[in-house]
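Novice: the amino acid sequence is not available; the structure is as follows:
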């Protein structure tokens, strides 16, 4: 029985050489239990021209790519599939220049706009929150290290949540924010961690009050520790993630990631980190495509300024 995903790039090219084979694959990923009309939820449709589907109940016309990141694309889906294979095969950050070269795209702009779309698809809608024992802290990326109590504008703040998996790290969540305020950090915890979980933080006042919103808060006041670098052994998982993130970002234009696009890169890092034990590139390709047909389209104007409202 054939695997639900290709194992090599040669198999990819063999299985998805036509627009029809790509559409059939996306159909199975988007509607694994059969067609569902996006308007009336009807379950029957007949095919029309140019890959359209017409709902038998309400006559609404749709397609397997409508309402996904592939909506209105003029590029063959086979090329998109190759792009997704390339992105999921990279250990470091995928670059628009390499994507343009490998796919033979005429326009650099096309490759540049594809990557944020794919990074958006790396966040599965309705994904499970972290749970159990979770370390939470924040780190700075970009610019120079700030002095104690000072703020340097080129710096960006990234909140990190990392599940404790024995002595190791489970799943992670990341989010950029302009300031590590109590309101923003509490919102980050609420959006990423299941209530009732044990939250391990440092002694920052910004984390005070987590118990009142449904969490078991276990703060450690670092000022009481004698070691100069006490934070790392006390919150080893988030500090390990922070270190890996910074090295990973250095592979992107020597770390020159603009603040308005930082969230997209954090999504990519999270996708790769949470699937770091997977030995199958084909499975990563499969997972990203699964999510790509669940994520709504984002117009080019929305990509230029970072995430659209509400994300």
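Specialist: Structure's in. What do you need? Model, not experiment: these values are computed from the prediction.

Novice: pretty sure residue 220 sits against residue 203.
Specialist: Yes. Between residue 220 and residue 203 there is a contact at 6.4 Å, judged by Cβ atoms under 8 Å. Where C-beta positions appear, they are placed from N, C-alpha and C, glycine not excepted.

Novice: now do the helices in the stretch 201-311 of the chain.
Specialist: Applying DSSP state H, counting those that start in this stretch to the stretch 201-311 of the chain gives helices spanning 231-234, 236-250, 262-274, 281-292, 300-304.

Novice: now those as JSON lines including distance to residue 96, mean neighbour count and mean pLDDT?
Specialist: Output for the helices of the stretch 201-311 of the chain, formatted as JSON lines (distance: least, Cβ to Cβ, whole Å; neighbours: other Cβ atoms under 10 Å; pLDDT from 0 to 100):
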{"stretch": "helix 231-234", "distance to residue 96": "35", "mean neighbour count": "15", "mean pLDDT": "69"}
{"stretch": "helix 236-250", "distance to residue 96": "16", "mean neighbour count": "18", "mean pLDDT": "91"}
{"stretch": "helix 262-274", "distance to residue 96": "12", "mean neighbour count": "21", "mean pLDDT": "91"}
{"stretch": "helix 281-292", "distance to residue 96": "17", "mean neighbour count": "20", "mean pLDDT": "93"}
{"stretch": "helix 300-304", "distance to residue 96": "12", "mean neighbour count": "14", "mean pLDDT": "50"}
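
Novice: to residue 113, which of the ones you listed lies closest?
Specialist: Judged by Cβ to Cβ, the one of those that comes nearest to residue 113 is helix 300-304, at 5.6 Å.

Novice: low-confidence ranges, this protein, go.
Specialist: Per-residue confidence for the chain (pLDDT under 70) gives these ranges: 1-2, 143-154, 222-232, 252-257, 299-311.

Novice: which ones are touching the nearest residue to residue 44 once chain neighbours are set aside?
Specialist: Sequence neighbours aside, residue 56 is the residue nearest to residue 44 in space, at 4.2 Å (criterion: Cβ to Cβ, 6 or more residues apart in numbering). Each residue near residue 56 by Cβ atoms under 8 Å, 6 or more residues apart in numbering is listed here: 42, 44-46.

Novice: also residue 269?
Specialist: 174, 245, 248-249.

Novice: how does it look with 10 Å?
Specialist: Contacts for residue 269 (Cβ atoms under 10 Å, 6 or more residues apart in numbering) come out as 93, 119, 122, 158, 172, 174, 241, 244-245, 248-249.

Novice: mind putting those residues into TSV with distance to residue 279?
Specialist: Putting the contacts of residue 269 into TSV (distance: Cβ to Cβ, whole Å) gives the following:
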residue	distance to residue 279
93	21
119	23
122	19
158	28
172	20
174	24
241	21
244	19
245	23
248	20
249	25
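
Novice: with respect to residue 36, which of these is nearest?
Specialist: The closest of those, once distances to residue 36 are taken by Cβ to Cβ, is residue 122, at 23.8 Å.

Novice: phi, psi for that closest one please.
Specialist: phi -70, psi -10 (degrees, to the nearest 10).

Novice: tally up the residues packed near the spatially closest residue to residue 102 that is not a sequence neighbour, please.
Specialist: Nearest non-adjacent residue to residue 102, counting by Cβ to Cβ, 6+ apart: residue 86, 5.6 Å away. Around residue 86 there are 17 other residues, counting by other Cβ atoms under 10 Å.

Novice: if residue 165 is in a bridge, with which residues?
Specialist: Per DSSP bridges, the residues bridged to residue 165 are residue 168.

Novice: and it, how many neighbours?
Specialist: 12.

Novice: and what of the one 3 residues further on?
Specialist: Per other Cβ under 10 Å, the neighbour tally for residue 168 reads 11.

Novice: that one and residue 161, how far apart?
Specialist: 15 Å (Cβ to Cβ, to the nearest Å).

Novice: can you give me the strands in the protein?
Specialist: 45-47, 52-55, 61-63, 133-141, 156-165, 168-177, 198-202, 216-220 (DSSP state E).
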